[in-house]
Structures are given as structure tokens and as C-alpha cells.
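Student: mind folding the following:
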Amino acid sequence: MLVTGNQGGGLCEFGITSGSLNPISYQHNHAITALLSSSTAEEEENQIYITGCKDAMIRVFNRQHELIATLKGHEKTVSSLSFASTSEGNRYLVSGSWDGTAKVWDLERKVVIATLPGHENTVSVTGLGSSDKNYLSIATGSAGIAQGNVISGHTVRIWSVDVKTSEVSCLKSVANDHEGPIRHILAVNQACLATCSNDGSVKLRSPETGTVLSTLQFIPQQQVSHPPMLLSVAKVVGDDDSIVTSAEDGHVVAFHLSESSGEPQILLHPACVWNVIGLPNGDIATCCDDGTLRVFTRNSDRVAPLEEREIFAQLVQEAHKKKGSGPTPEEIAKLPLWEQNLQTRGTSEGQVHVFNKGGVAIAAQWSEASQTWIEVGQVMGSAGDGGAIDGVTYDHVYPIEVDQTGGAVAKLQIGYNNGENPFVAAQRFIDSYMLPQHHLNDIANYIQQRAGSAAPSLGGGVPASQGGGSSSSAATTGIPMVSYQHLPMPGYKSFELSAKSAATTMEKMQTKIKGFGKLSEEQLQQIASLASTLVATNRYHASQIQPAELNAIMNMLETLAPSEAFPALDLARLTAAHPHGAGESNATFWNKVVTKALNMCQDTSNLEGPAAVAIPMLSLRLFSNAFRGGPGSQLAVVGHLDDILTCINSFIASTNKNVRLSVATLLYNIAYYIHSKATSDSTTASRVITYIDAILKAQSYEGEAITRALIAAGTVALANLQAKETAKSIFMVSRVEMSASPHGDVARAVAKEVYQVLQWY
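Tutor: Numbers count the residues shown, from 1 in each chain. Prediction:
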């Protein structure tokens, strides 16, 4: 069985031996851009196939074509899929995308475990052999970046991914040894990695370093002005000496890797061959733009009947003969009549249009001065609008306009050859000018129309000649102004009394304090007075905290043992949320409280019972509230920030979820302080990033804590360049999405924004 996908989002099942064709009922909403299947050696119930789609989704199907998983994580079209395995055979999915990333997926848990960042546009992926039970080896290839009219920066990278910690390392990279974008990458065997490119070559590489070992150059039999783009490369199963590649001009070429094996074998097709794969029995299958799946074999027992082979040869001959001929009678009949040319007005001086004059295709040029079409001559071998772009000759050169920032319009040209697949020409144009990939269908449709009364304006929706301003979807230049929904955070968070339970909470706290039997009646009265003020949260704007009440808190902290002092920390935590209590006049008090809390947190290993959790939790919450409360409390925590960060580090690995939430919230508030004060303290900012990364590595934090930690990371990275560099140096970006994946839509949305921040230069 073979499964194919198409640009309409449909799937078809082909029976290889029977020749049957069965449409699969599941319908994707967008074009299918990648397909991958598990090994046929697996048990039938374990066999799966996977689709990558233009909607950025990855979908997993079982052998019965039932959807069993949908993987969300990429921002743009999924362009490539591969499996990668550890030395013990634990298999993971690797995906590449137009968003410039590759991702590693745990198919059992249906989550991203690592992201491979920093690619130059579209990414191709392949899994390499691994010698470690905890590590994957992966190779990626990128399409490159446009520099003027030249694509550069296309790079092969060799990666190592720790499946336990999600640690990602780029071990080697090799750039610009192709002369065009890398379209496909393949692990041929343990000693050979192959890449194919728009430059018409296949390069064989070392899988350890990515460096080129040799180059296989495809030279078509007929002379052409530019080499055909190679779109895919596949290995011939059971033959380590052979690989096969497919080209946009209809060629499929089987190369022999050893020099003694002779010339490459060429299998010419009627149209562009989008993909070629090796089948388990040593045959190969090709997917052609004429809508036909074909299987080729070396085994004489499986060769198609002579009649079928002759029909195929005739199709190929007619298709390639047409490339050099002029328009057919059918095409001429569809052209506007020359006698009615005045009904078709030109839009600019020199515009070329093709007409039907007495059954002959003629080219005419528009004259602005006379407002008439002037006959140029008969179309012979092209539609009359051929030419050269950057030294390359095309049968047709069409005008096309692209909106730019500020309302300007770039007037470009797109080249197209007779018989060429319009999508191939459109992709070549997008690659040349690095246009947004979503324009592909529009450009291909324009080419299919062959000519028009005006060039389409990409981004603006109307031709430039029709007026109108630039559109919001216009092409942009320079650094865009990016806005986020979740970053940076809007303010501090705090741990305050709930209005519903405030009275009960305070009553319990006073009972506990009185039960210790360590406070005088006067001190207990001060605590009761303080509790009465703190309970009335709706009066905070008008109420005040008295010095004697603060002294009562300080006396408890200084005289009670840690096992009995934690209610005092709780009172201090709540008082820090009171505007007057946290005011500048009480700065000395808060400095003493923060110092005492830090001392209590230095060693909690000997604490037992409620205090073992309460001391770190309430200290961290006290510090969190102090940032928000007022200038007195904030000054105290800012003055002890280094020690507070050390305290945070001590409790990152806590087994208590309330402590974990307190850790994340305190980092959140420190991040907001860094952002709001525009502090240049890069050391502090980098420590915040390091501790958040430790949270992500722990994989034990709950959804709200993870969300707060991620928001903190994104905010600090926005505020401090060194913090962002620290995040990049420890490959934090590879853990962001994986950590958020199990925790719902909000966490995943935050993770996407943090990922973008860490990726942006």
C-alpha cells in the first residue's frame, strides 16, 4: 500500500500489486506538504503514517486511516518529516517547517520534547544513527536567506538531542556549499548523508561533520539555460550503492555512489516529479505533477506490460516536445481576437499581449501615445513575452508587483518556461526574493493565467495602477514592531487574603499564635488589631498600620523558634500587601523582616511538620508581595536581590506544589521589576533566566507555575539583551514549548511568544 497527499488536502491509497486506487475519507483543510510512514516490518497494528500540512499541523493515522493524534507546535507549514531513534531503538518524530525550526516529538505522549532553532527559512530533516540510549542524532538543511538576488546562508547542521533533559546541541554546521536552497536531506546509511538543491546537484556528506565528500551533478541530455531544481532524494532499499533524485523538469535520476558502477540512469517523466521514495522490495515510486503515481523496478518479473510502457513513453515524448513548440491550435483559439483588440486596453507603455489573428498567435505592444496595440510579430515557440532575468533565459517573463513598507511598490519579473510546473516557477520566484510563502498559490495561479491586463499586486489586493494604499499584509523590510498578547506581563502578582475567607484565616492564625504561649497580652492585642485591619481589604486605601503592630511582628520573628515563627511570616506577607504598611516610612522594618526571612531560609533541613513547608513558602510569598506593596517593602527586597535569588535557587526542586508556585511567582515579580525599571543589571537578569531554565528542566511544575515562569523568561529577555544571550547559550528555547505542551492553551500560547522572543535578533 502507498499513500499520497495532494494540494487539495486529500489522501489516496494505492494498491501496488493490484493497481487499485481508493480515496481516503479524511480531508485536510490545507495542502499536504509532507508524508512519512513507519516501517512495514512493524506489527500491522503498530504501523502508522504521518502528514505535515500547510496549516502547520502534524497528524498521525493508523493503518485503517483513522486519525489518532494531532500535533500542534509549528508556526508555519510543515515541510519535512523523519524518524530518529536512540541506540535502544526508542523512536521519535522529527519535523521541519517554513518557520525556521525543527522539532522533536514524543509520539506516545504527543508532546514536543525539543526545538532545534535558528535555521534560515524552510527546514528539511533526517534522523541519523545514534550510539547512545539517551541521545538522538539529527541532521537538518535550510533554504537560506535572500541577499539581493542571491540566496545564501543555506546550511547543513548536525544536532544532538538529549531525550531525557531536552538539551539541544548543534555539533557541526556547514554553510553555502550548495549554490541554491537545500530542498531535501537524507541519511543514506551510517557513513553517508545526502542533500539535494535548487542548484541541480546532490552532495554526499559525512554524517558526523556535514562536510562534502563528493558531488553528483545532474546534466540533462538537452541543453538548458539553468539546471533543474532537485526536489527530493531517496535511497534504494537493499542497495547501499544507489540513490534516486527527482527534478522539477520531469527527470528522475538514479545515481551510483561508487565510481565503478557506471553512468546514472535517467527516467524521464511528462512533468515535474515532486517526490521519489524507495519501496521495501527495492523498487522506487514517483509522484508526478500529471496526477500519476508510478512504480519502477529492476526486477523483470514485475515490469509493466509493453503496452503500458509504450503509452508512458509517448506521454513523455509529447510533453517534452511541447516545451519547444509554440501555442497549440486549442490555445490560440482561446486568445482574444485581433479584430477586437480595441476592447482590451493596455495598462502601461510597452505592455505585451497575445492575440489570435486568423488562427495565428501574434504579439502586440501597447502604445500609450496612440492608445492602440501595435503588432510586433508572430509567436514562434513562446507566447511572445520571453526574455532573460539575471542572465537566465525564459520562454515567458511576466511582470509582478509587491507592496513594500510605506506604500512603495517593487516591480519584479517572474520567469516561466513552456511545460514547466507553475508551482515550481512560483517557488523559484519566492526563493529569489524571499517573499512570504503564503503567496505561493497566488503566484502559481497568476502564471497559469499566462498573461493578464495588469500585474497582480501581492499584499495590496489590487493592481498598483488601480490606486489604493498599502495593505497590512504587505511585504515589510527592516525590523518589525512586534506586539505580544502575554509579554511583557502587565504588573506584579501577589498572594493576598481572599475576601470570602479572610476572617476565618485570621482567626485561625491568631489561635495558633496564642497557642504558642510566647506573647504577652499587649502583643496579642496588637496582633488582633493588625488582623482586624488586614481583614478589611476594602478599606486598605484609608486604613493604616501602626508601628506597635509592626513591632509585634518583628518581636515574634526575633524571639520565636522557626517552628513557631512562620505565622509571623504570614502576617508580614499580608502586611506587605497593605499600601500604608509597605510605605516608605516603614523601610527600616521591612529591611529587618527580609533579612530575618532570608536567614530562616538558609537551612530548613532540620524543620519538621508544617514549618518545613511554611517557612520557605511564606518567605517566598513575603518577597513576592514586597515587590508590589509599596516603596518601603520594595526597597528592602531590591536591596537583598542577590540573596533572594540564592534563596529561590534553594527551593526550585521543592516537592511541594505551593512552594513551586511561590518560586515561579517571585521570579515573575523580579522579571517585572527588571522590565519596569529598565535596569541594566545583566547579572541579575541572567540569573533569573538560569533559574527559570532549571524550572523547565525539572518537569514537575504545575500549569500556572509554568505559565508564570515562562512569562518571566520572555519579559526578562525583552528587557535585557544579555539575558536573552544567556537563554540562547543554554538552549533554553528547546525546552520552552515542551514544558508548556501538557498545560493547556494559555501556557502553549505563552510558550509560542517566549519562543519568538528568544529567536528574534
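Student: let's verify the closest residue to Leu230 other than its chain neighbours: helix, strand, or coil?
Tutor: Excluding the flanking residues, the one nearest Leu230 by Cβ to Cβ, 6 or more residues apart in numbering is Cys196, at 3.8 Å. Quick note: C-beta positions are derived from backbone N, CA and C, even for glycine. With DSSP: H, G, I helix; E, B strand; the rest coil as the basis, Cys196 sits in strand.
Student: for Val276, same thing?
Tutor: Going by three-state DSSP: Val276 is strand.
Student: is it bridged to anything, and to what?
Tutor: Assessed by DSSP bridges, Val276 has beta-bridge partners Thr286.
Student: I'd like the next helix or strand past the helix or strand bottoming out on mean pLDDT in the chain.
Tutor: Ranked by mean pLDDT, DSSP states H and E, the weakest helix or strand in the chain is strand 457-458, scoring a mean of 36. Once the chain leaves strand 457-458, the next helix or strand it forms, by DSSP states H and E, is helix 502-516.
Student: chain center to that following helix: distance?
Tutor: 52 Å (Cα atoms, centre = their mean, to the nearest Å).
Student: which residues does Ser87 contact?
Tutor: 130-133 (Cβ atoms under 8 Å, 6 or more residues apart in numbering).
Student: looking at those residues, which one is closest to Gln217?
Tutor: Distances from Gln217 to these, taken as Cβ to Cβ, are shortest for Ser130 (31.8 Å).
Student: gap between the residue of the chain most remote from its centre and Pro742?
Tutor: Distance from the C-alpha centroid of the chain, by Cα atoms, centre = their mean, peaks at Glu521 (64.1 Å). Applying Cβ to Cβ, to the nearest Å, the value for Glu521 to Pro742 is 53 Å.
Student: and Ser494, by the same measure?
Tutor: For Ser494, the distance to Pro742 - Cβ to Cβ - is 27 Å.
Student: cool, and Pro336?
Tutor: 61 Å.
Student: hmm, back to that, between Ser494 and Pro742, who's got more neighbours?
Tutor: When neighbours are counted by other Cβ atoms under 10 Å, Ser494 and Pro742 differ, and Ser494 comes out ahead with 18 against 14.
Student: residue contacts, the more buried one?
Tutor: So Ser494 contacts 577, 624-625, 628-629 (Cβ under 8 Å, 6+ apart).
Student: how about 6 Å then?
Tutor: Taking Cβ atoms under 6 Å, 6 or more residues apart in numbering, we find Ser494 in contact with 577, 625, 628.
Student: next helix or strand past the host helix or strand of Ser633?
Tutor: Using DSSP H and E, Ser633 sits in helix 631-639. Per DSSP H and E, helix 631-639 leads on to helix 641-651 as the next helix or strand towards the C-terminus.
Student: show me what that following helix is packed against.
Tutor: With contacts taken as 3 or more Cβ pairs under 6 Å, 6 or more residues apart in numbering; DSSP states H and E, helix 641-651 sits against helix 657-677, helix 682-698.
Student: give me the contact list for the first one.
Tutor: Read it as helix 657-677. 488-489, 492-493, 616-617, 620-621, 623-624, 627, 648, 651-652, 654, 685, 688, 701-702, 705, 708-709, 712, 715-716, 719.
Student: buried subset of those residues, written for PyMOL?
Tutor: Provided next is the PyMOL selection string for whichever of the contacts of helix 657-677 are buried by 16 or more other Cβ atoms under 10 Å:
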select buried, resi 488+489+492+493+616+617+620+621+623+624+627+648+651+652+654+685+688+701+705+708+709+712+715+716+719
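Student: what about the closest residue in space to Ser25 that isn't next to it in sequence, how many neighbours?
Tutor: Nearest non-adjacent residue to Ser25, counting by Cβ to Cβ, 6+ apart: His65, 7.1 Å away. Neighbours of His65 under the rule other Cβ under 10 Å: 14.
Student: and His65, that one's in a helix?
Tutor: No: His65 is assigned coil when assessed by three-state DSSP, not a helix.
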